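> let me see the structure of the following:
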Amino acid sequence: LIELVNIEKKYDLKAKVVAKLELFNPAGSVKDRAARYLMENAYNDGIIKNDTVIIESSSGNFGIALAGMCKIKGNSFICVVDPNITEVNRKIIELLGAEIIIASKTDENGNYVQDRIQIVRDYITELENVYWTNQYENQYVWKAYFSLGEELCNELEQIDYVFVAVSTCG
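Numbering: from 1, shown residues only. The predicted model follows:
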């Protein structure tokens, strides 16, 4: 959490402006929170075990975070991505030991998300002991972000406004 003093001076603001830098999380984004929370709680609830294969559709950051958590926990990880993934994100996911599958079918808007999700669905019906983390609907994912709010409340005396840049974030 850092104070953005130059912005306050530049715009003559009568408020303290701070930024929470999630890029300093181990895998470099806010998605680390969701991956950790999801994996820890799914283990505690008996949903996944050491030999469970984890699978997810991701355009990058959640895939990186899950690849890191799977490496720590010892789970195999399959990350379904699309051709638009950055080379850096793809390499990081691969270096963390994940298998990458690249979707190829676009929808009417030129997006690959539906194909990525269909690939995941095909895997979970064809293979045993596979868990789809499903960042789009999994309660573990959205619950993970409560910790961010708690941290802000604990670290700041007063909060008048919060602006949050999010992608899927459950």
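> using CSV, list the CA coordinates for the helix or strand of the chain with the lowest mean pLDDT.
Sorting the helices and strands of the chain by mean pLDDT, DSSP states H and E puts helix 5-10 at the bottom, at a mean of 78. Taking C-alpha atoms only, helix 5-10 is exported to CSV below (Å, rounded to 0.1, in the frame of the first residue of the first chain):
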residue,chain,number,x,y,z
VAL,A,5,1.7,12.0,-3.2
ASN,A,6,2.5,13.4,-6.7
ILE,A,7,-1.1,12.9,-7.8
GLU,A,8,-2.4,14.7,-4.8
LYS,A,9,-0.1,17.7,-5.5
LYS,A,10,-0.6,17.7,-9.2
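> and the next helix or strand past it?
strand 18-19 (DSSP states H and E).
> any idea how far that following strand is from the chain center?
Strand 18-19 sits 21 Å away from the centroid of its parent chain (CA atoms, centre = their mean, to the nearest Å).
> partner strands of that strand, with direction?
strand 2-3 (antiparallel) (DSSP bridges).
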